[in-house]
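A.B. asks: Could you look at this predicted model? Sequence included:
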Protein chains: 2
Amino acid sequence: MNRSTAWSRLAALLGVEHPIIQAPMAGGATTPELVAAASNAGGLGSTGAAYLKPEDIVKHSRRVRELTDRPFAINLFVPPPPPAEVAPDRMLAVLAGYHARLGLAPPQPPTSPMPSFEEQVDAVAESGARVVSFVFGVPPAGVLARLKARGMVLAGTATTVREAKLLEAAGVDFIVTQGSEAGGHRGTFAGPVEKSLVGTMALVPQVADAVGPPVVASGGLMDGRGIRAARALGAAGVQLGTAFLTCPESGIAPVYKAALREAQDDATVVTRAFSGRPARGLANDFTEALSDSPDILPFPLQHAATTPLRAASAARGDPRYMALWAGQAAALSRGLPAAELMRALIEESEREA
Amino acid sequence: MNRSTAWSRLAALLGVEHPIIQAPMAGGATTPELVAAASNAGGLGSTGAAYLKPEDIVKHSRRVRELTDRPFAINLFVPPPPPAEVAPDRMLAVLAGYHARLGLAPPQPPTSPMPSFEEQVDAVAESGARVVSFVFGVPPAGVLARLKARGMVLAGTATTVREAKLLEAAGVDFIVTQGSEAGGHRGTFAGPVEKSLVGTMALVPQVADAVGPPVVASGGLMDGRGIRAARALGAAGVQLGTAFLTCPESGIAPVYKAALREAQDDATVVTRAFSGRPARGLANDFTEALSDSPDILPFPLQHAATTPLRAASAARGDPRYMALWAGQAAALSRGLPAAELMRALIEESEREA
């Protein structure tokens, strides 16, 4: 298929002018204002709803719909099997030192912070979102069927060809490839993360050759250069996360925005230190100290265990103990309002250099 | 600068029609026939000469010049500081098990297999090569000045923005960026390898923004899609290694070529097992067994220590104990004759999709 045709077909499927997706990022970055601005400017805004309670998904989506009548997307984590019983004492002892340093009460044994996935799906089904995307696995067949029956467009996230084929077999409408450059959690679910850090340049053409559904490229894309490159590789659309983190509408802490603007290309690491799942972010005191710790708890318990520390660190404007998720091209962050950024991306991606 | 202008300016600097470089790959892959075919077809062939004795550089170059009157390139390793005294006994004990399995005589204490760098430079200066490229560091100022005085075009290899700036400061004529997707040894020299695995999509635009000399993209490029993508990112030229490994003219073992054609995108690892320096190749029994070994010797002693095993494994057509260097898009290998491959790359890179 002609590249231009693939591009406009995906735009039509998403119901947008340009298949340029503001990536869903769980944890508060994707405010209704950010999502709506991206959609209003002609792309597709996305909410990272994985940590949101069902009632908050409802509230968030209502607010997005007040701010835009354009399509938007919601993203959920495919829940992992419940972790085996774990003994958190050693991790709590590690965290206790940091808590003491910041004057926080001692850390408590963590419990899963994840809302019921089934209830999240209920809320998403009622949200008015046009697109629902998933990470961390193949969504259950019943969930896909149910959302599809409501006319929703469904996407999965792949970090390898193998994962893309599993998602195609499950019947998703398009596949987001997550190159190794990408910030935040790795979507890897069908192999070891160490072997699934495939760069965008290598991943997109191999996935595009291997599967039928349209492929959306993500990982390392920050501007029109990345978007044009992704199209050349065979992508029918693109998804940019880190690029939107420094927008004024993004919900992340100011100290985190400042760190992104100052990041070097070699400043990131893939770490389990904050959540228990491998994710790419700027190295800091906490990732350095815990990088090889055998005491890191499985996801989502490590996420829960580190929540008070991360929150206190952010509140103090101290980047040392926060999760500073970032892709490898964070230094190309621009800090523009989301609508301006989306318009710039559209304009740059269509410019003939 | 306009992208097309940058592309044709680099072609003029290299003295070729198209700034598409067949990557230098040390260890025997880049035969005179491969190098000459790439150059004759309108790109730039390169010899990986790092392990070649000075007299073999002379012989090799003479043969290349018999086969082509077009420009070609030669690549050398910037020598590391001599390794501290090492006790190889534990590694020799590990290798002894493999030697026994293959009926080889017991492994011997290794000595550096590297010819004198100064004498290699002497040979390169007389080789008739138009382009000299380096990996693993900033070439000594005297070496650069001497080769430059002979009218040679000089290049360094960067895996991060920091390394690109160091090479620019040293006065190289162009900079090859090596994205994390690339097969073979990592060129990293100014930071830990773990933090220097920057994907091509993120690396090229950041380096292009940071330095003045033309940037050549490598890492994950296998066909016209990758070349067009690299141009969109700001590259003035491209370098492809893995793509040429399966050419009939390439000097690698048939079993290695077969493995490349069958490789999956998630089949590679970055390992020190074969040479002591991190390099990307297909995972096999040897990389799995030695992945975390504290007994791996520093480069180039590990290379020397594993040479008999690698050679015997290749001679038997057994891929288990060979270094199967490969980029993350090896599965897009085509096995075409080098001239046909180069012509296809040129045609595909200029095609409007």
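C.D. replies: All right, it came through fine. Numbers count the residues shown, from 1 in each chain, chains lettered A, B, ... in the order given.
A.B. asks: tally of neighbours for the closest residue to A:Glu126 other than its chain neighbours?
C.D. replies: Across the structure, with C-beta to C-beta, 6 or more residues apart in numbering or on different chains as the measure, the residue nearest A:Glu126 apart from its sequence neighbours is A:Val58 (6.8 Å). Glycine gets a C-beta too; all of them are placed from N, C-alpha and C. Applying other C-beta atoms under 10 Å in any protein chain shown, we find 17 residues neighbouring A:Val58.
A.B. asks: So A:Ile21 lies in a strand, does it not?
C.D. replies: Yes: the assignment for A:Ile21 by DSSP: H, G, I helix; E, B strand; the rest coil puts it in a strand.
A.B. asks: Pull the contacting residues for it.
C.D. replies: Contacts here follow C-beta atoms under 8 Å, 6 or more residues apart in numbering or on different chains; on that basis A:Ile21 touches A:Leu14, A:Gly43, A:Leu44, A:Ser46, A:Ala73, A:Val176, A:Val216, A:Gly237, A:Val238, A:Gln239, A:Leu240.
A.B. asks: Get me the contact residues on the stretch 251-353 of chain A for chain B.
C.D. replies: With C-beta under 8 Å from any C-beta of the partner chain as the criterion, the stretch 251-353 of chain A meets chain B at residues A:264-269, A:283, A:327-329, A:331-332, A:353.
A.B. asks: hmm, which of those are the buried ones?
C.D. replies: Neighbour counting by 16 or more other C-beta atoms under 10 Å in any protein chain shown classes A:Gln264, A:Asp265, A:Asp266, A:Ala267, A:Thr268, A:Val269, A:Ala283, A:Gly327, A:Gln328, A:Ala329, A:Ala331, A:Leu332 among those as buried.
A.B. asks: about what we covered before: among the residues of the stretch 251-353 of chain A next to chain B, find the lowest-pLDDT one for me.
C.D. replies: The weakest per-residue confidence within these falls on A:Ala353 (50).
A.B. asks: Quick one: list the elements packing against the helix or strand where A:Glu348 lies.
C.D. replies: Here A:Glu348 is covered by helix A:338-350, with elements defined by DSSP states H and E. Other elements packing on helix A:338-350 under the criterion 3 or more C-beta pairs under 8 Å, 6 or more residues apart in numbering or on different chains; DSSP states H and E are strand A:20-22, helix A:32-40, helix A:224-233, helix A:242-245.
A.B. asks: and if we set it to 6 Å?
C.D. replies: Where contact means 3 or more C-beta pairs under 6 Å, 6 or more residues apart in numbering or on different chains; DSSP states H and E, helix A:338-350 is packed against helix A:32-40, helix A:224-233.
A.B. asks: Which ones among the residues of the stretch 251-353 of chain A next to chain B lie within strands?
C.D. replies: Filtering those for membership in strands, criterion DSSP state E, returns A:Thr268, A:Val269.
A.B. asks: before we move on, the earlier item: what is the nearest of the contacts of A:Ile21 to B:Pro294?
C.D. replies: A:Val176 (39.0 Å; C-beta to C-beta).
A.B. asks: so the closest one makes contact with A:Ala158?
C.D. replies: No: under the contact definition of C-beta atoms under 6 Å, A:Val176 does not touch A:Ala158, with a separation of 7.1 Å.
A.B. asks: number of nearby residues for A:Glu347?
C.D. replies: Residue neighbour count, defined by other C-beta under 10 Å, stands at 10 for A:Glu347.
A.B. asks: With adjacent residues omitted, what lies nearest to it?
C.D. replies: A:Gly224 (7.3 Å).
A.B. asks: I'd say the one you found and A:Ile346 touch.
C.D. replies: No: A:Gly224 is beyond contact range of A:Ile346, at 8.5 Å (criterion: C-beta under 6 Å).
A.B. asks: which neighbours do those two share?
C.D. replies: Residues touching both A:Gly224 and A:Ile346 (C-beta atoms under 6 Å, 6 or more residues apart in numbering or on different chains): there are none.
A.B. asks: picking that back up, just the CA trace of the helix holding A:Glu348, in CSV.
C.D. replies: What follows is the C-alpha trace of helix A:338-350 in CSV, where atoms were taken according to Å, rounded to 0.1, in the frame of the first residue of the first chain:
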residue,chain,number,x,y,z
ALA,A,338,0.1,21.1,23.4
ALA,A,339,-1.9,22.7,20.5
GLU,A,340,1.1,24.6,19.3
LEU,A,341,3.2,21.4,19.5
MET,A,342,0.7,19.4,17.6
ARG,A,343,0.4,22.0,14.9
ALA,A,344,4.2,22.2,14.7
LEU,A,345,4.4,18.4,14.3
ILE,A,346,1.8,18.4,11.6
GLU,A,347,3.5,21.2,9.7
GLU,A,348,7.0,19.8,10.1
SER,A,349,5.9,16.3,9.1
GLU,A,350,4.4,17.5,5.8
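A.B. asks: buried set for that helix?
C.D. replies: Neighbour-count burial for helix A:338-350, counted by 16+ other C-beta under 10 Å, picks out A:Ala338, A:Ala339, A:Leu341, A:Met342, A:Arg343, A:Ala344, A:Leu345, A:Ile346, A:Ser349.
A.B. asks: with these in mind, which one is nearest to chain B?
C.D. replies: Closest approach to chain B among those (C-beta to the nearest C-beta): A:Ser349, at 9.4 Å.
A.B. asks: all helices of the stretch 251-353 of chain A, in order?
C.D. replies: A:254-261, A:285-290, A:301-315, A:338-350 (DSSP state H, counting those that start in this stretch).
A.B. asks: contact partners of the last one?
C.D. replies: Helix A:338-350 has contacts (C-beta under 6 Å, 6+ apart) with A:18, A:20, A:34, A:37-38, A:41-43, A:223-224, A:227-228, A:247, A:249.
A.B. asks: Could you identify the most distant pair in those residues?
C.D. replies: Comparing all pairs in these by C-beta to C-beta, the longest separation belongs to A:Arg228 and A:Glu249, at 25.5 Å.
A.B. asks: hang on, the earlier thing: I'd like the contacts of A:Ile21 laid out as JSON lines, including neighbour count, pLDDT and distance to chain B.
C.D. replies: Converted to JSON lines, the contacts of A:Ile21 look like this (neighbours: other C-beta atoms under 10 Å in any protein chain shown; pLDDT from 0 to 100; distance: C-beta to the nearest C-beta, whole Å):
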{"residue": "A:Leu14", "neighbour count": "27", "pLDDT": "98", "distance to chain B": "21"}
{"residue": "A:Gly43", "neighbour count": "32", "pLDDT": "98", "distance to chain B": "19"}
{"residue": "A:Leu44", "neighbour count": "30", "pLDDT": "98", "distance to chain B": "20"}
{"residue": "A:Ser46", "neighbour count": "28", "pLDDT": "98", "distance to chain B": "20"}
{"residue": "A:Ala73", "neighbour count": "30", "pLDDT": "98", "distance to chain B": "22"}
{"residue": "A:Val176", "neighbour count": "32", "pLDDT": "98", "distance to chain B": "15"}
{"residue": "A:Val216", "neighbour count": "28", "pLDDT": "98", "distance to chain B": "14"}
{"residue": "A:Gly237", "neighbour count": "29", "pLDDT": "98", "distance to chain B": "15"}
{"residue": "A:Val238", "neighbour count": "28", "pLDDT": "98", "distance to chain B": "11"}
{"residue": "A:Gln239", "neighbour count": "29", "pLDDT": "98", "distance to chain B": "13"}
{"residue": "A:Leu240", "neighbour count": "29", "pLDDT": "98", "distance to chain B": "11"}
